[in-house]
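>>> I'll drop the sequence and a predicted model, then ask my questions.
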Number of protein chains: 2
Amino acid sequence: MNYRNLPMVPRVVFGNGSFDQLGDILLPQRKSSDAPMIFLVDDIFEGTQLISRIPLICNDQIIFISADEEPKTDQVDLLADRIRDHFNELPSGIVGIGGGTLLDLAKAVAIMLNNKGKSYQYQGWDLVRKPSIYHVGIPTISGTGAEVSRTTVLLGPEKKLGINSDYTTFNQVLLDPDLTKGVSKEQWFYTGMDCFIHCIESLNGTFLNAFSQSYGEKALELCKEVYLEELDPSDSRDKLMMASWHGGMSIAYSQVGVAHAMSYGLSYLLGVRHGIGNCLVFQHLEEFYPEGVAMFNIMKEKHQIALPTGICGALTENDFEIMINVALSLEPLWENALGKEWRKLISPEKLKSIYQKI
Amino acid sequence: MNYRNLPMVPRVVFGNGSFDQLGDILLPQRKSSDAPMIFLVDDIFEGTQLISRIPLICNDQIIFISADEEPKTDQVDLLADRIRDHFNELPSGIVGIGGGTLLDLAKAVAIMLNNKGKSYQYQGWDLVRKPSIYHVGIPTISGTGAEVSRTTVLLGPEKKLGINSDYTTFNQVLLDPDLTKGVSKEQWFYTGMDCFIHCIESLNGTFLNAFSQSYGEKALELCKEVYLEELDPSDSRDKLMMASWHGGMSIAYSQVGVAHAMSYGLSYLLGVRHGIGNCLVFQHLEEFYPEGVAMFNIMKEKHQIALPTGICGALTENDFEIMINVALSLEPLWENALGKEWRKLISPEKLKSIYQKI
């Protein structure tokens, strides 16, 4: 048995207002006045006060990016090319500010600035050869765990799949719960449920060990506090940010499961965003995760979240096939969920019947 | 407000039998055949099978060290001098294999091999100027949190105090719960209670934030499982190792408190080892930690642990004064326990009355 030697985020700062320490944190990482810091920022913040707090010096650049769509391999390659073309030197670092989309883009761009070829070539497990450039993750919404995970999940030409590698992990994470203040209720719910669903899948998976279990249990407990109890808003923001952090760690020696596999299919075919995609699938997974789905329904009701319906209503046979193929290609997820003999326990028809309910 | 940018252990492997991966883990860290790996190993393992599993090559060296006494600054300086004198090059790394004593020695020696002067000069907060050499922590008993903390606690000529610095943190930790198999019941209890007491002090402290709280709560929950429930022995070893890990993390944005401060006094004067010292003090701290002490007593009874008595029976006024001065010099611990006005809430007489019960 060989256990993964886990790469951890080597530096993390936590605290309300800690965003204002970013300048001091980046300073020792600056290589020269020609090697800029590139800030990839969710365009929802364009024109807001947060932008004026970004510690720009010399030729640093802010690139605003929409998070309306899932991050794509093409988009990563274009960004990396644009940065390479625009500057004489490689950047000193990439700073992602936003939700999972922006964090995953920052990770992928940092990898591609030091690795040849196209990003889709690295989708998979441990295919990256050279260290990424210095990169920092600053979440502005909680739940994805992207700030702590060793993957960056991208829509590629053939699949939605992560670049899973030791070089994917951020070099620095800044956790400032105040940055999550303006998130809409729906987005807060969908993204937080990403964490909740992670935990249910990880804790009920066959890969679980005591390391991942301890993180998953804590994240789940924090999700329950946030979504089932009446917390003070600041306390709630703090706790959801920590839930996301621990939830991401719980995947370290584990995997996600059925909901994520099927949600990847939805995203690939229809561009459904990850958080809501997980919810759309998970609500129909009572047979795999009975307690988790029951709790999800209570949370959904408490926060009066109405999930969209009829998403798969007009799909063709071919469409279903595409989604099912994407979902079934994620073998480690199925093995985690159902064990080594997973192929005997699941069928394309079964998946189709679930997709048809969505 | 400025929040600490926490150094995390950047690499960790967890799993039973993972000790056998040590050779592969160290290989990329070896600088040359003249730059050895130095293994500092608890001498309790001398002649055991574990020693034959240490991946020695070239001029690597094993140094056996007794953990009967608390680690000392003189001992650190002697070890660093001996290593410097014996080899033509600085070692590629230091690997500590043992309990808190061995782990703290490994951290301190790794610092001193790259920093001038004597180790007592670095006791305090953020006094280390240059990065330590590569160092690895492999706990063989669970509870101290030394594997994850940014401190190495040493008995110096004038005080028992940690070298708290970003360079103290291990570069790599290997968590193999099987290594804790041979620990005696008493040692298992005292060292595990170090974690339990950490958590009580951290969770009841004024420094606590959501980050430290989440780790402390999980560690406490795991301690309760291990010491109050009937777990399978393997499960129990796994969980106590994770409790120690999370318990160490809970101190990141927090501090220990009254028990640790007073236990440092006991260690300084009488050489009482840290784990048992904490227990000796903690049992008399109902007024500070009522729930924690009640739970401690239940655990103690369940495992039929008889703490020694009369430890302070024959001490002189001068002895009490020394212990009290050491304890009160640990200002951050008292501030965490009792708030900014702690000096108004505690007195030398109060401390003496507690020491007299021990």
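Okay, I see it.

>>> any idea which element the residue nearest to A:Ala210 when sequence neighbours are not counted lies in?
If the residues on either side of it in the chain are set aside, A:Ala210 comes closest to B:Asp238, at 3.5 Å by C-beta to C-beta, 6 or more residues apart in numbering or on different chains. In this view, the C-beta of every residue, glycine as well, is placed from N, C-alpha and C. Applying DSSP states H and E as the criterion places B:Asp238 in helix B:233-250.

>>> what residues does the stretch 201-350 of chain A put near chain B?
Taking C-beta under 8 Å from any C-beta of the partner chain as the criterion, the neighbours of chain B within the stretch 201-350 of chain A are A:209-211, A:214-215, A:217-218, A:221-222, A:235, A:238-239, A:241-242, A:246, A:253.

>>> against A:Tyr253, how distant is the residue nearest to A:Ala210?
12 Å (C-beta to C-beta, to the nearest Å).

>>> could you tell me which residues touch both of the two?
Between them, B:Asp238 and A:Tyr253 share these contacting residues under C-beta atoms under 8 Å, 6 or more residues apart in numbering or on different chains: A:Asn209.

>>> tell me which of those two has more neighbours.
B:Asp238 (27 against 22; other C-beta atoms under 10 Å in any protein chain shown).

>>> surely the more buried one and A:Asn209 touch.
Yes - B:Asp238 is within contact range of A:Asn209, at 7.4 Å (criterion: C-beta atoms under 8 Å).

>>> what's next to stretch A:54-64, contact-wise?
Judged by C-beta under 8 Å, 6+ apart, the contacts made with stretch A:54-64 from elsewhere in the structure are A:22-23, A:26, A:30, A:33-34, A:36-43, A:45-46, A:51, A:79, A:86-87, A:97.

>>> out of those residues, which are inside helices?
Residues of those located in helices (DSSP state H): A:22-23, A:26, A:51, A:79, A:86.

>>> state the pair within the residues you listed that is farthest apart.
A:Gly23 and A:Leu79 (23.4 Å; C-beta to C-beta).

>>> who's more crowded, those two?
In this comparison of A:Gly23 against A:Leu79, neighbours counted by other C-beta under 10 Å, the higher total goes to A:Leu79 at 23 against 14.

>>> how much space between that one and chain B?
As judged by C-beta to the nearest C-beta, to the nearest Å, A:Leu79 and chain B stand 27 Å apart.

>>> leaving out chain neighbours, which residue sits closest to that residue?
Distances taken as C-beta to C-beta, 6+ apart place A:Val109 nearest to A:Leu79, at 5.0 Å, with adjacent residues excluded.

>>> right, and the helix or strand after the helix or strand that neighbour falls within?
If you go by DSSP H and E, A:Val109 is part of helix A:100-112. Using DSSP H and E, the helix or strand that follows helix A:100-112 towards the C-terminus is strand A:124-125.

>>> and the residue of the stretch 251-358 of chain A closest to chain B?
Nearest to chain B, among the residues of the stretch 251-358 of chain A, is A:Tyr253, at 6.6 Å (C-beta to the nearest C-beta).

>>> got the contact list for that residue?
Applying C-beta under 8 Å, 6+ apart to A:Tyr253 gives the contacts A:3-4, A:6, A:207-209, A:211-212, B:14-15.

>>> mind redoing it with 7 Å?
The neighbourhood of A:Tyr253, defined by C-beta atoms under 7 Å, 6 or more residues apart in numbering or on different chains, consists of A:4, A:207, A:209, A:211-212, B:14.

>>> out of those residues, which sit inside helices?
Within the contacts of A:Tyr253, membership in helices is found for A:211-212, as judged by DSSP H.
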